[in-house]
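In: next come a sequence and a model predicted from it.
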Amino acid sequence: MISVAPFLIFLVGAALAMVARGRVRDVIAVATPVVGAINLWALDGSAPMTVMLFGHELILVEVDRLSMLFGWLFHLAVFVVLVYNLYRPTKLEQVSILAYGASTMGAIFAGDLLTLLLFWEGLGLTSVFLVLARGTRKAERAAVRYLMLQVLSGVLLMCGIIVLINQGRSLAMAPLELEGLAAWLIFLSLGIKAGFPLLHNWITDTYPEATETGTVIMSALTTKTSIYCLASLFPGTELLIYIGATMTVFPIFYAVLEDDLRRVLSYSLINQLGFMITGIGIGTELAINGAVAHAFAHVMYKSLLFMSMGAVLYRTGKIGASELGGLYRTMPKTTIMCIIGAASISAFPLFSGFVAKAMVMSAALQGGYDWVWIALLFASAGVLHHAGIKIPFFAFFGHDSGQRPKEAPKPMLIAMFIASVMCIGIGVFPELLYDQLPYPVTYEPYTFEHVLTQLQLLLFAALCFVVLRVTKLEPHERPSVNLDIEWTYRWLLPRAGRWAYVKLGYFANHLRQLSQVGTQGTVWLVKLWHGPGGLFARDPLISMASLAVVIIFTLVLLLDLIQGY
Amino acid sequence: MSIVEHLPALQVAVPLLAAPLCAMMIRPSIAWPFAVLASWITFAISVALMDQVLTHGTIVYNMGGWSPPWGISYVIDPLNALLLLLVSGMAAIIMPGVRLGIGVEVTFRAQRLFFTVALLSLTGMLGIVITGDAFNLYVFLEISSLSSYALVAMGADRRASKAAFNYLIQGTIGATFILIGIGLVYMMTGTLNMADMADRLTDLHGSATIQAAFAFILVGAGIKFAMFPAHAWMPNAYTYAPSLVSAFFGATATKVGAYILIRFIYNVFGAEFAFDEMHVGWVLIPLGLAGAFVGSLVAIWQDDLKRMLAYSSVAQIGYVAAAIGLGNHDGLIAAIVHVFNHGLMKGALFLVMACVILRLGKADMTSFRGLGKRMPVTMGCFVVAGLSMIGVPFTVGFISKWYLILGALDAGMWPVAVLIVMSSLLSIIYIWRVVEVAYFSDPPDDVKVQEAPAMLLVPTLILTVLCIAFGVATKITVGVAGLAATSLGVYP
């Protein structure tokens, strides 16, 4: 079969979309992932594609089971999002989604770290336009912060690769021991994009500021690309278990407090990534399978939830829990799809989350990580609370905000429908997903025990929600700003800096004057010698020039005298 | 014997015979095409020689069938094949533009003499590069020097005569130093053939006479090479010479000096003697870096742009000197490649000056105001060649600086690498200064300026395109330089 590198198709699509206009552009945009999927089908099992660049052999495409699964997932995600975007297609969004898709495809099929680096940088550079496209001042500033962190991640990866090259080690996409500078630099770089605790805040900072479409695709691609890389480079790294467990727990508190529903979903995204990272950290076949299956299911239901919130934002112009409510009257279809997404993320039986999430938890138990298992259990309950109940409840039910917006536009509904079908399909026929996983699956999700445990858990979480509502303990429906780690650099550091600047001002003033005098002096001196009429620029006198010759001559003769001693 | 076997002799003989014939042609309209033809044939011979060297290896040609040490032999290895290509290629590219270029600067009656002297100068340079005999090298050095003084003196500005006189005095000092050095070596070894010299010198290490001879030749070649601080002849000579002469000399004359340095240090005296006994690195690297800084800094404040380019040459020669002084494989590649690459870009930049002078009468900062719109192609060439001078990737300047930095790091001299990068930043200033005036200031309204004529523009464009072409496809330059370095006994 003839096939090309998957990213090429997206790049060509992006280039065509850039020159096309109107309906033609829409057709090109939506057709690109379809053509890509056909190519991907042809690509399966083909030999690596390589190019030579500056004496290094770059492995542009290397296909294995893991990359194929992510390839299918991302093609599907890009397709769904491009359909969703048809409600108000703009060239900027379509082109950057396609280019962003190209970066992702390049990254997951990369056969060596240098190729990965190329597309790793592309991820940030192409997706930032999806934030800028929102057009608000807030989005603009968030975009700049986003870009800074993405570039930092790329720089760390580059440094790691340079160290690897210097040590003469292989750049293959093969598991690395988390030892030595190179591995740590690469680990940290992946960590930024995967939203490790304390490095996570770009997710919750940026995603709520992007356009309706932008948030959906960004939530699907960047972090999952990093999950793919972690699974290829650092499987079985024990540190990841604890990082992952932390990530599942801490966002829950923020998610419960948060008013902006898309930010709630962003926190929930970090929580979900935590499950996958824990799975990668445990590193057994079951755990890796679980992490990958979870990533697959997660992209579908998280996109579905973000899409439904996008629809709400588009129709009402509002996204705060306190400003919404009672929309089910006029947006029934969106409501149903949102509930499907919510049921999936909360792992109701017969929905996709149920068949995926439990694998990681079983692996944790089997590996003897009891405390981690408890953390994950708590996190699962938390997910139901903030994502499963809070999102649909406050948007579509709750107190009636009096708004009667129209139903979501048709393209949005179609896209959400595709995602809903996927969520239920995987939930009902888990073998479809299991057969594609990297390792053979013996796991059976629908056992009496599992279903019962899960239902108990869900009921308990629902109870919590009710209790909090009745006792009015839940601090909901109040727009507020929650302090996260970004507080340190957006509030603390600037103020500390300013304080230090004022206190040290006296000293700094002197220092500045001193450095000014120093710079001026240097320039004056340089100009005196080199400027017009200066020592070196003057019309040379023959005598001076000859003297210079004699001086070098003496110097050369003297040098061999030095050698005598 | 077929003619192919005599190509080494023809390489020098063609321009040498063409020169007096030119002098007999009274009308420049006849002398000019003749000179162009001669330069093209010379270039074709260089290409053929390069091809032979690459396929069959080093060529040894005995003049008149007399074998050394009695006769003079021409030895062509990758190093001088590349230099022959540079020198004759520059002549072939620049010569067609000469007629128009010097039309405003040289009087009608003197033009045929101009062609004569130019061909003699070309002969001299080719001879220096091709010969394998030390005394023969000196003879050709004198031929090229004397004709160079005459060419500089033909400048329209009255100061050209004084610049030529200065050049004459210092050039003579340099040539004398070289002659004394060769004489001392002859005294000790009894041979003038360079290969023989190299053989016999290996037994003479530690001799004070040989050490003195080395110092004389190093300094003499240093003057020809315009190495800081012996560069004083160059700025005025390049400033006041006719622009096309500046272009030709800027691209070739000092490069021949670099060739003499490399040949004597690595081949005749041998790297072991030069570096372990004479510590030549301690002379070349500090002086080279000093030259890089002084040259660039002086260039920043120059108002006359030909003078600015001359000082920029001082800086670029500094890089070559430092590269020669590194004494490792990458360093030597950097030296050879930069000799070639700098020839391309400096040739292009001086041709731009020739275009501007042809249209505006002078090339100072005020005459460049708004030229970006009025002479778009010419200024485009300036920008590309200027970027190359700075060392932007995908230009030739990047390639040679890259190898220079590799060489410095390989020698464990990272401060040298840092200083090279710092001094390169200075070149951004003097190039940008011109770009800013040409593109971001309004032209004076009263002057009407046309784009330069094709006769001058085409050579400029060719050199500019080569600046990019050899920056992307480095097989010829870096490949041959690598071969040359290996054949000089410096292995990676």
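Out: Received, thanks. Residues are numbered from 1 along each chain as shown, chains lettered A, B, ... in the order given.
In: would you map the helices across the stretch 301-450 of chain A?
Out: All helices of the stretch 301-450 of chain A, identified by DSSP state H, counting those that start in this stretch, fall at A:332-345, A:352-366, A:370-383, A:391-396, A:410-428, A:431-434, A:448-470.
In: same question for the stretch 151-300 of chain B.
Out: For the stretch 151-300 of chain B, helices defined by DSSP H, counting those that start in this stretch occupy the ranges B:159-189, B:194-201, B:208-224, B:233-240, B:243-262, B:271, B:281-300.
In: ok so, going back, which of the helices of the stretch 301-450 of chain A sits closest to residue A:71?
Out: With Cβ to Cβ as the criterion, residue A:71 lies closest to helix A:431-434 of those, at 14.6 Å. To be clear about C-beta, it is placed using only N, CA and C from the backbone, and glycine gets the same treatment.
In: near chain B, which residues of the stretch 401-550 of chain A are found?
Out: Within the stretch 401-550 of chain A, the positions lying close to chain B (Cβ under 8 Å from any Cβ of the partner chain) are A:526-527, A:529-532, A:534, A:536-537, A:539-540, A:542, A:544-546, A:548-549.
In: among the residues you listed, name the buried ones.
Out: A:526, A:530-531, A:534, A:536-537, A:540, A:545-546, A:548-549 (16 or more other Cβ atoms under 10 Å in any protein chain shown).
In: and those, which two are the farthest apart?
Out: Farthest apart among those by Cβ to Cβ are A:526 and A:546. That separation is 26.2 Å.
In: hang on, the earlier thing: turn the helices of the stretch 151-300 of chain B into JSON lines, including distance to residue B:438 and mean pLDDT.
Out: Formatted as JSON lines, those follow (distance: least, Cβ to Cβ, whole Å; pLDDT from 0 to 100):
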{"stretch": "helix B:159-189", "distance to residue B:438": "26", "mean pLDDT": "92"}
{"stretch": "helix B:194-201", "distance to residue B:438": "47", "mean pLDDT": "89"}
{"stretch": "helix B:208-224", "distance to residue B:438": "34", "mean pLDDT": "90"}
{"stretch": "helix B:233-240", "distance to residue B:438": "20", "mean pLDDT": "90"}
{"stretch": "helix B:243-262", "distance to residue B:438": "17", "mean pLDDT": "90"}
{"stretch": "helix B:271", "distance to residue B:438": "45", "mean pLDDT": "86"}
{"stretch": "helix B:281-300", "distance to residue B:438": "17", "mean pLDDT": "91"}
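In: which one of these lies closest to residue A:422?
Out: Checking the helices of the stretch 151-300 of chain B against residue A:422 by Cβ to Cβ gives helix B:281-300 as the closest, at 63.4 Å.
In: check which helix or strand the residue in the stretch 351-500 of chain A that chain B sits nearest to maps to.
Out: Nearest residue of the stretch 351-500 of chain A to chain B: residue A:497, at 29.6 Å (Cβ to the nearest Cβ). Secondary structure from DSSP states H and E places residue A:497 in helix A:493-503.
In: please name the nearest non-neighbouring residue to residue B:126.
Out: Spatial nearest neighbour of residue B:126, excluding adjacent residues (Cβ to Cβ, 6 or more residues apart in numbering or on different chains): residue B:12 at 5.4 Å.
In: and that neighbour, how far from chain A?
Out: Using Cβ to the nearest Cβ, to the nearest Å, residue B:12 is found at 29 Å from chain A.
In: return the per-residue confidence for whatever residue of the stretch 151-300 of chain A ends up closest to chain B.
Out: In the stretch 151-300 of chain A, no residue comes nearer to chain B than residue A:166, which is 11.9 Å away by Cβ to the nearest Cβ. For residue A:166, the model assigns a pLDDT of 82.
In: give me the number of residues near it?
Out: 10 (other Cβ atoms under 10 Å in any protein chain shown).
In: contacts only, for it.
Out: Listed by Cβ atoms under 8 Å, 6 or more residues apart in numbering or on different chains, residue A:166 has no contact partners.
In: now do it against residue B:409, distance only.
Out: With distances taken as Cβ to Cβ, to the nearest Å, residue A:166 is found 12 Å from residue B:409.
In: next one: residue A:440
Out: 51 Å.
In: so between those two, which is more surrounded?
Out: In this view residue A:440 and residue B:409 are compared by other Cβ under 10 Å, and residue B:409 has more residues nearby, 13 against 9.
In: list the contacts for that one?
Out: residue B:417.
In: for it, give me phi and psi.
Out: phi -70, psi -40 (degrees, to the nearest 10).
In: what about it, distance to chain A?
Out: From residue B:409 to chain A the distance is 12 Å (Cβ to the nearest Cβ).
In: okay, that residue: pLDDT?
Out: pLDDT, residue B:409: 88.
In: what residues go with each domain of chain A?
Out: Structural domains assigned to chain A are A:1-233, A:235-479, A:509-564, following automatic domain parsing.
In: any idea how far the helix holding residue A:497 is from the chain center?
Out: In terms of Cα atoms, centre = their mean, to the nearest Å, the centre of helix A:493-503 is found 32 Å from the chain centre.
In: after that helix, which helix or strand is next?
Out: Downstream of helix A:493-503, the first helix or strand assigned by DSSP H and E is helix A:505-530.
In: relative orientation of the helix or strand just after that next one and helix B:208-224 in degrees?
Out: Next in sequence after helix A:505-530, counting helices and strands by DSSP H and E, comes helix A:542-564. Put simply, helix A:542-564 runs at 140 degrees to helix B:208-224, going by axes from the mean of the first three to the mean of the last three Cα atoms, to 10 degrees.
In: separation between residue B:299 and residue B:317?
Out: From residue B:299 across to residue B:317, the span is 13 Å (Cβ to Cβ).
In: what's in contact with stretch B:436-447?
Out: Contacts for stretch B:436-447 (Cβ under 8 Å, 6+ apart): B:360, B:365, B:368-374, B:379, B:382, B:449.
In: any stretches of the stretch 51-200 of chain A with poor pLDDT?
Out: A:53-55 (pLDDT under 70).
In: returning to that earlier point: any idea which element the residue nearest to residue B:126 lies in?
Out: Remark: residue B:12 resides in helix B:7-24, with elements defined by DSSP H and E.
In: against which helices or strands is the one helix or strand residue B:377 maps to packed?
Out: Assigned by DSSP H and E, residue B:377 belongs to helix B:376-390. Counting by 3 or more Cβ pairs under 8 Å, 6 or more residues apart in numbering or on different chains; DSSP states H and E, the packing neighbours recorded for helix B:376-390 are helix B:329-360, helix B:371-374, helix B:396-410, helix B:414-440, helix B:454-472.
In: please tell me the pLDDT value assigned to residue 314.
Out: Defaulting to chain A. Per the predicted model, pLDDT is 91 at residue A:314.
In: switch to chain B, that's the one I care about
Out: pLDDT, residue B:314: 93.
In: residue contacts, it?
Out: So residue B:314 contacts B:226, B:228, B:231, B:234-235, B:291, B:294-295, B:298 (Cβ under 8 Å, 6+ apart).
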